[in-house]
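# here is my input, please return the structure:
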Amino acid sequence: MFNAGRLSLARARRGMTAKALAEQAGVGVDTITRLEKGRNEPEPETIEKLGEALGYPPSFFMGEDIEEVDVGAVSFRSFSKMTARERNAAIAAGSLGLLLNSWIEDRFGLPDPDFPEELSEETDPEVAATRLRQHWGIGQQPIGNLLGLLETKGIRMLSLSENTASVNAFSFWRGGKPYVFLNNFKSAESSRFDAAHELGHLVLHRHGDPKGDRSLEKEANSFASAFLMPADDVRARVPRVNSTEIILKAKLRWRVSAMALAYRLHHIGRLSDWQYKSICIDLSRRGYRSGEPVGIERETSVLWKKVLTLLWQERVTRDDISEELGLPVDELDSLIGSLTGTERSQRPTRRRSLNAV
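Take a look at the predicted model:
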């Protein structure tokens, strides 16, 4: 039976209005309205037209209900800059991420979330970051692959393909499991900070940020800064700063942007207001405000590589996963592609049933 909710989700994901979809599919706007309200059962020909217009296989519209992500429980990295269309598209990606995660968890045992309950009561981001580091046993040491660390601690990491700076990242809790979606459209350092920022939301703001409260964004930024650059380690490694070159060299230790390290040094008292302003001006002149001219290699997922490798051993490819879920291939790639850092695999000559995995 046709699933009205899936049509609404696909339309939101593609950022299309009902009028635009009607025009693309060659049907009336009232037809789209009735279908999304579940008032009509469409003809197969209509489903084909909708699928072609949206770039979704017809089978997608015939599946069971997909879990909806509650926008009120989501913490967005740039809530105030998003349009309603961008927000809805990102939320739709979250629902597709839940669908994919459910498929994976039916086949693999993923790590359980490892978050001390008492941290949800902590109001000081710096203290929360320190305590979480202690709980995870990483002390003051720099974090190598942050993405891999978060996966081992039970966070479901997924990616976004939004070609806009307005949707950097978002996170939420669902069914006792934390999810983070990252848009790797920015520099590797910025994406790494975004991941730590979303970790801050998961720890400090478990019930989301429905109103886009700027104070919560500042708290998540403070958490990310403290988590990636522990104050004691920064003080020990950068006793004094008398040139921009020191920051450009030191940032490699913590794998952060030059601007982020400059801010941290100012926050912990290593830079005066005047020094901080001067260094920011110099970094901007060198192109470090808009990017990272000399940057790090982008982090990749440990978990997804293992999952895809195990599936490949069973002759199950990404195309097979897309077919099983009824998802267009580009949507699956947008959810995991940038996290694996590899091109899509070719379909093997021999396939085995997905039930064998």
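# switch to C-alpha atoms for all contacts and neighbour counts from now on
OK.
# immediately after the helix or strand of the chain with the lowest mean pLDDT, which helix or strand?
Across the helices and strands of the chain, mean confidence by mean pLDDT, DSSP states H and E is lowest for strand 75-76: a mean of 80. On the C-terminal side of strand 75-76, the closest following helix or strand by DSSP states H and E is helix 84-105.
# and that following helix, how far out from the chain middle?
Offset of helix 84-105 from its chain centre (Cα atoms, centre = their mean, to the nearest Å): 10 Å.
# so how many other residues sit close to R240?
Neighbour count for R240, taken as other Cα atoms under 10 Å: 12.
# my error: substitute Y179 in the last question.
Neighbour count for Y179, taken as other Cα under 10 Å: 24.
# so it sits against S159, correct?
No: between Y179 and S159 there is no contact under Cα atoms under 8 Å: 10.5 Å.
# stretch 179-187: end-to-end distance?
21 Å (Cα to Cα, to the nearest Å).
# how far does it sit from its chain's centre?
Using Cα atoms, centre = their mean, the offset of stretch 179-187 from its chain centre is 4 Å.
# quick check: buried residues in it?
Across stretch 179-187, burial judged by 16 or more other Cα atoms under 10 Å covers 179-187.
# stretch 218-225 now?
Quick answer for stretch 218-225 (16+ other Cα under 10 Å): 219-225.
# dump those to a markdown table, plus secondary structure and pLDDT.
A markdown table is the format used below for the buried residues of stretch 218-225 (DSSP: H, G, I helix; E, B strand; the rest coil; pLDDT from 0 to 100):
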| residue | secondary structure | pLDDT |
| --- | --- | --- |
| E219 | helix | 94 |
| A220 | helix | 94 |
| N221 | helix | 95 |
| S222 | helix | 97 |
| F223 | helix | 97 |
| A224 | helix | 98 |
| S225 | helix | 98 |
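# ok, of the residues you listed, which one's closest to S75?
Of all the buried residues of stretch 218-225, A220 has the smallest distance to S75: 9.9 Å, by Cα to Cα.
# so who does the closest one touch?
Contacts for A220 (Cα atoms under 8 Å, 6 or more residues apart in numbering) come out as 125, 197-201, 204.
# the strands in this protein, which residues?
Taking DSSP state E to define them, one finds strands in the chain at 75-76, 156-160, 169-174, 177-183.
# pLDDT below threshold where in the stretch 51-200 of the chain?
Low-confidence segments of the stretch 51-200 of the chain (pLDDT under 70): 77-80, 164-165.
# hang on, the earlier thing: strands paired with the least confident helix or strand of the chain, and their directions?
Strand pairing for strand 75-76, determined by DSSP bridges: strand 169-174 (antiparallel).
# could you export the strand it pairs with as PDB, CA atoms only?
Taking Å, rounded to 0.1, in the frame of the first residue of the first chain, the C-alpha atoms of strand 169-174 are listed here in PDB:
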ATOM      1  CA  ALA A 169      25.800  19.600  11.500                       C
ATOM      2  CA  PHE A 170      23.000  18.400  13.900                       C
ATOM      3  CA  SER A 171      22.500  15.900  16.600                       C
ATOM      4  CA  PHE A 172      19.700  14.300  18.700                       C
ATOM      5  CA  TRP A 173      19.000  11.400  21.000                       C
ATOM      6  CA  ARG A 174      16.500   8.700  19.800                       C
END
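# got a list of contacts for stretch 5-12?
Stretch 5-12 has contacts (Cα under 8 Å, 6+ apart) with 17-18, 21, 36, 54, 56, 60-61, 63, 65-66, 85, 88-89, 92.
# and those residues, which of them are buried?
18, 21, 36, 54, 56, 60-61, 88-89, 92.
# these in helices, which ones?
Applying DSSP state H to these, the entries found in helices are 18, 21, 36, 54, 88-89, 92.
# can you report how many residues lie near F2?
21.
# cool, and the one 4 residues further on?
R6 has 19 neighbours, counted by other Cα under 10 Å.
# begin at 53, not 1, for the rest of this chat.
Got it, first residue is 53 now, which makes that one R58.
# what about I99, how many residues nearby?
When neighbours are defined as other Cα under 10 Å, I99 has 21 of them.
# residues contacting it?
110, 113.
# same check on T175?
Contact partners of T175, counting by Cα under 8 Å, 6+ apart, are L256.
# skipping its backbone neighbours, what lies nearest E93 in space?
The shortest distance from E93 to any non-neighbouring residue, by Cα to Cα, 6 or more residues apart in numbering, is to F54 (6.4 Å).
# again with F160
Sequence neighbours aside, V359 is the residue nearest to F160 in space, at 7.9 Å (criterion: Cα to Cα, 6+ apart).
# and that neighbour, how far from S386?
Per Cα to Cα, V359 is found 16 Å from S386.
# which of those two has more neighbours?
Between V359 and S386, S386 has the larger neighbour count (other Cα under 10 Å), namely 18 against 14.
# I figured that one was touching S211, is that so?
Yes: under the criterion of Cα under 8 Å, S386 makes contact with S211 at 6.2 Å.
# quick one on the thing from earlier: out of the contacts of A272, what pair is the most spread apart?
Based on Cα to Cα, the longest span within these runs between P177 and E250 and measures 12.5 Å.
# and these two? which has more neighbours close in?
Using other Cα under 10 Å, the more surrounded residue of P177 and E250 is E250, with 28 against 24.
# so what's the residue lying closest to that one once chain neighbours are set aside up against?
Residue nearest to E250 in three dimensions, not counting chain neighbours: S223, with 5.9 Å by Cα to Cα, 6+ apart. For S223, the contact set (Cα under 8 Å, 6+ apart) comprises 126-128, 230-233, 250, 253-254.
# right, I'll call it a day here.
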